[in-house]
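**Q** I would like to see how this sequence folds:
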Amino acid sequence: MISRSTSSTNLEGTTISQVQGNIEFRNVYFSYLSRPEIPILSGFFLSVPARKTVALVGRNGSGKSSIIPLMERFYDPTLGEVLLDGENIKNLKVEWLRSQIGLVTQEPALLSLSIRENIAYGRFATFDQIEEAAKTAHAHGFISSLEKGYETQVGRAGMALTDEQKIKISIARAVLSSPSILLLDEVTGGLDFEAEKAVQGALDVLMLGRSTIIIARRLSLIKHADYIAVMEEGHLVEMGTHDELLNLDGLYAELLRCEEATKLPKRMPTKNSRERKSLQFEDPPISQNFQESSSPKMAKSPSLQRTHGMLQFWRSDTTRNSHDSPKDRSPPPEQTTDNGIPLVATERAPSIKRHDSFEMELPNLPKVDIHPIQRQSSKNAGPDSPISPLLTSDPKNERSHSQTFSRPQSERDDTSSEQSEPDELQHHKPPSFWRLAALSIAEWPYALLGTIGAAIFGSFNPLLAYTIALTVSAYYQIEVSDMRHEVNRWCLFIVGMGVITVLVNWLQHFYFGIMGEKMTERIRRMMFSAMLRNEAGWFDKEENSADTLSMRLANDATFVRAAFSNRLSIFIQDTAAISVALLIGMLLGWRVALVALATLPVLVISAIAQKLWLAGFSKGIQEMHRKASLVLEDAVRNIYTVVAFCAGDKIMELYKLHLCKILKQSLVHGLAIGFGFGFSQFLLFACNALLLWYIATSVDKQRLTIATGLKQYILFSFASFALVEPFGLAPYILKRRKSLTSVFEIIDREPKIDPDDNTGLKPPNVYGSIEFKNVDFSYPVRPEIFVLSNFNLKVSGGQTVAVVGVSGSGKSTIISLIERFYDPMSGQVLLDGRDLKSFNLRWLRSHMGLIQQEPVIFSTTIRENIIYARHNATEAEMKEAARIANAHHFISSLPHGYDTHVGMRGVDLTPGQKQRIAIARVVLKNAPILLLDEASSAIESESSRVVQEALDTLVMGNKTTVLIAHRAAMMKHVDNIVVLNGGRIVEQGTHDSLMDLNGLYVRLMQPHFGKGLRQHRLG
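**A** Down below sits the predicted model:
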């Protein structure tokens, strides 16, 4: 790996003195190295004139996404050429080429550094240059509003920033590089309406006067491009302006019609024609109008002909609740209140209503600050002021949250104890020897055999010393023949001991090794189980990142073996050596033996002092190593961005900086080790000198013979080394002790939300009524920033509710609370009238189906990814779920069908295919509650249409559905729309009623319908 040559560091090649920006793909053939048999581009031609913008569009698998890596020379074409100003880019210096290209992607890569360093990203730039780039990217406003401004740390992977803010920083980075060529990869695909508008404005400035290639999945954003290139199966099939391609009525026109079809919602006929009036709230009274039964599910539309099959599929599962009719999706009358909610005896009295005011300023949304008596909206929001501050991001989903809410001081004091985490703040003590022994109780037969070997081998130490002493004494025999006989006899005895040592060493190390490996395996299983048991908030912390936990699972678990089985082996060996030495010494002369015994405490105390000395100097080194590994993690995770911006030297500089700190600390640590170990050796030699002095005195007083004194000295010298040996390993043991503490901190931690808790309710039927009652919530890593404040919402059983709002309004938090990934700080989240905390957690989550914007696909086969929801599902059930999710056709077309491996995180699948597999998984689970978190927002038009049809079918299945929506297409089947801002509901009602209100909802929908939005109706 070290000697491997890389293209990015190759200094060979030429440069172009004045880059014009003419780009040409000439007869390019390309396939990825991992799948050389699958062609991505086949005879591809494309010409991008200088300073023009060309947008690439096409269906899934058309090859458009491969254009950027070829242009950046992440890969080279199999055949053909990529030209820049007529020069093959293979002939250009790679680093120079990449310095001429600016790359902005949908998921910007940020290092765990300050905003200033992320904008500079390896370039030497003055602060004025960085600030000017931020202003151009429309990022200066939100950066200046932060307490530390440009020096604000963005956190791991930029988790302290909203998606909009991260993209603006990546745009500022591209502006600073002043590229001749700009590559944009669906930059605004996953943003909400407000953020999309702001980011698009920054991109428009960046694109001026530059050759630009846009990879577009949403055609509405590229209508004003100079040229639009349409790709199909690795070929260029159409090219022209928007109007020219529409007149051509080819593939582009078809894709545009597909996008428009999914974009314009049409109101479906309802079983209950009564319309709810839209509501604009002053505070919690969301309620009575909203708690009334809203329109049930809508009738089937022509695009949803699979619904009947889906319902039949769901009904085939007899283990699910039998209340399939919408009329039955409410609790029995005798268990309900007037509002149709199950009566709960332990329900708390409702809080006193507060008549607070909420003022909304359009077009600039206010920043909300909640106080105990009144809420006032700030009126000083400028055009660049953020919708939400930097530190309101969702640490789990890396999405933005609400504006900053300040709880009154009295309330903060009351809840401070709840927010603290004593189990994690308190120092965790290393496990006792007996606890480690209990973990290995099943391996004690191995330990017994290992103990026999260790004890025999340890006893050979003083026996060897005594034998050597006898051999030396034999040299003082007067008769030479007697001397030779004695020496030969004792030499044969030593050889015999050596032969036996082979066997006993094998016993010791083999059986203690088996014991240690089995313990390591058991500890790893316990650690992994404990990790999975923890609540989501635990994983939000930087020290509990996936990479850190993987490293601890791989490394720290093996240290348990060193701390127990290896230490036990040495302890038994040395105990046997000292015991046998004292026994022989007492038989030879008890006075010398007692003097030798008196020196043992001195040696032990010196060893313990050495251990404590080393502990003081070893603090911080492990944390330094962790921070250094995070730099590598950042670089590997964001390798394409690091390479694209030629930031390798910056990464190396950061890594060297961390290594220098480790080196300095290690030098101090090394000096401490040397001093401590040297001092212990000094005491050892001093004790030996004392023993020699006493033996000499005893011989002088004729209490001992010279031969006996020599035997005792050699005997106790060997024994003293056996005593000091374990403490000579103090640095190694100390390191293992810290790892032991780390391991058992994870194993012993009590989760705040425990999925293994077998207590809790498991009702036979779920009606699906969900209610948020006076909920306050903030994320554990940012307890001072409230995402939801005094939040109230009710979703009736069988109802579909869409939640929309600006970036940072707290939309995704609602789903996290329903799934009990987190618990509210105060208030309640109710299911069928009961607090979610009262239900068995595994039972609760088994009745919920979650589909996220970024579907979770495991590195296994498609089959195993689908049946992940129900491992006992039959083949027919799995395939029926795939058909309902519009996934069966593409799966069947693959060479290995359902047994196709999808690669790491589904890398071998398109976003649309991954999303359909996720939908199939939820269909197979057949949960009565559906949670959709922007499930189709980041998918291109063609895939979005197919995914949208699958989602429509899913939503029509008589289930309680809460969906987080960015796109108007998701409003098609909703019974109610809830508009959030600042963690509170500000508008609520049907699409038509919200249009009449002409408030925030109208503003959010403006990008979808244009100026004629207010005239648009769903009927």
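**Q** got the contact list for residue 54?
**A** Neighbour list for residue 54: 46, 48, 212-214, 225-229 [criterion: C-beta atoms under 8 Å, 6 or more residues apart in numbering]. In short, each C-beta sits where N, CA and C put it, glycine included.
**Q** if you rank those residues by neighbours, which is first?
**A** Counting neighbours by other C-beta atoms under 10 Å, the top entry in these is residue 229, with 27 neighbours.
**Q** wait, is that residue part of a strand?
**A** Yes: counting by DSSP: H, G, I helix; E, B strand; the rest coil, residue 229 falls inside a strand.
**Q** could you number the chain from 77 rather than 1 from now on?
**A** OK, 77 is where the count begins now, so the last one is residue 305.
**Q** which pLDDT value goes with it?
**A** Listed pLDDT for residue 305 reads 93.
**Q** my read: it touches residue 131, true?
**A** Yes: when contacts are counted by C-beta atoms under 8 Å, residue 305 is listed as touching residue 131 (7.0 Å).
**Q** now do the shared contacts for the two.
**A** In contact with both residue 305 and residue 131: no residue, using C-beta under 8 Å, 6+ apart.
**Q** which strands and helices sit next to the helix or strand hosting residue 157?
**A** Residue 157 is part of strand 155-160, with elements assigned from DSSP states H and E. The contact analysis (3 or more C-beta pairs under 8 Å, 6 or more residues apart in numbering; DSSP states H and E) places strand 155-160 against strand 99-106.
**Q** how far off strand 155-160 does whichever helix or strand comes after the strand it packs on point, in degrees?
**A** As assigned by DSSP H and E, the chain's next helix or strand after strand 99-106 is strand 117-124. Taking axes from the mean of the first three to the mean of the last three C-alpha atoms, to 10 degrees, one finds that strand 117-124 is oriented at 20 degrees with respect to strand 155-160.
**Q** report the rounded mean pLDDT for stretch 644-660.
**A** For stretch 644-660, mean pLDDT rounds to 88.
**Q** who touches it?
**A** Outside stretch 644-660, the residues touching it (C-beta under 8 Å, 6+ apart) are 523, 526-527, 530-535, 537-539, 541-542, 584-585, 588, 669, 672-673, 676, 791-792, 794-795, 798-799, 801-802, 805.
**Q** picking up where we left off before, what comes up buried for the strand holding residue 157?
**A** 156, 158-160 (16 or more other C-beta atoms under 10 Å).
**Q** got the phi/psi numbers for the nearest residue to residue 779 once chain neighbours are set aside?
**A** In this structure, residue 779 finds its nearest non-sequential neighbour in residue 667, 6.8 Å apart by C-beta to C-beta, 6 or more residues apart in numbering. The phi/psi pair for residue 667 (degrees, to the nearest 10) reads phi -70, psi -50.
**Q** distance-wise, check residue 667 relative to residue 783.
**A** For residue 667, the distance to residue 783 (C-beta to C-beta, to the nearest Å) stands at 16 Å.
**Q** one step back: of the contacts of residue 130, closest to residue 997?
**A** Within the contacts of residue 130, the smallest distance to residue 997 is 32.7 Å, found for residue 290 (C-beta to C-beta).
**Q** wait, isn't the closest one in contact with residue 302?
**A** No: counting by C-beta under 8 Å, residue 290 sits too far from residue 302 to count as a contact (10.5 Å).
**Q** ok, residue 541 touching residue 797?
**A** No: Residue 541 is beyond contact range of residue 797, at 9.7 Å (criterion: C-beta under 8 Å).
**Q** helices of the stretch 477-626 of the chain, residue ranges please.
**A** 485-495, 498-501, 509-515, 520-550, 556-609, 612-615, 622-627 (DSSP state H, counting those that start in this stretch).
**Q** can you add distance to residue 95 and give these back as CSV?
**A** Shown next, in CSV, are these (distance: least, C-beta to C-beta, whole Å):
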stretch, distance to residue 95
helix 485-495, 55
helix 498-501, 54
helix 509-515, 65
helix 520-550, 70
helix 556-609, 50
helix 612-615, 45
helix 622-627, 38
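**Q** closest to residue 190 out of the ones you listed?
**A** helix 622-627 (21.2 Å).
**Q** what does the very next helix or strand once past the closest one rub up against?
**A** Next along the chain after helix 622-627, taking DSSP H and E as the criterion, comes helix 633-637. Defining contact as C-beta under 8 Å, 6+ apart, one finds that helix 633-637 is touched by 512, 592-593, 595-596, 599-600, 603, 811-812, 815-816, 819.
**Q** quick check: mean pLDDT of helix 633-637?
**A** 76.
**Q** angle of the helix or strand following that helix against helix 520-550?
**A** Remark: after helix 633-637, the chain's next helix or strand is helix 643-664, criterion DSSP H and E. Angle, helix 643-664 to helix 520-550, by the same axes, to 10 degrees: 40 degrees.
**Q** can you list the domains in this structure?
**A** 99-339, 363-419+836-1091, 516-664, 666-779 (automatic domain parsing).
**Q** ok, and the closest non-adjacent residue to residue 989?
**A** Nearest non-adjacent residue to residue 989 (C-beta to C-beta, 6+ apart): residue 966, at 5.9 Å.
**Q** how deep is the one you found tucked in, by neighbour count?
**A** Residue 966 has 19 nearby residues by other C-beta under 10 Å.
**Q** how much space separates the spatially most central residue of the chain from residue 857?
**A** Compute the mean C-alpha point of the chain, and by C-alpha atoms, centre = their mean the closest residue is residue 622, 5.1 Å away. When distance is defined by C-beta to C-beta, residue 622 is 16 Å away from residue 857.
**Q** also residue 118?
**A** Counting by C-beta to C-beta - residue 118 and residue 857 are separated by 49 Å.
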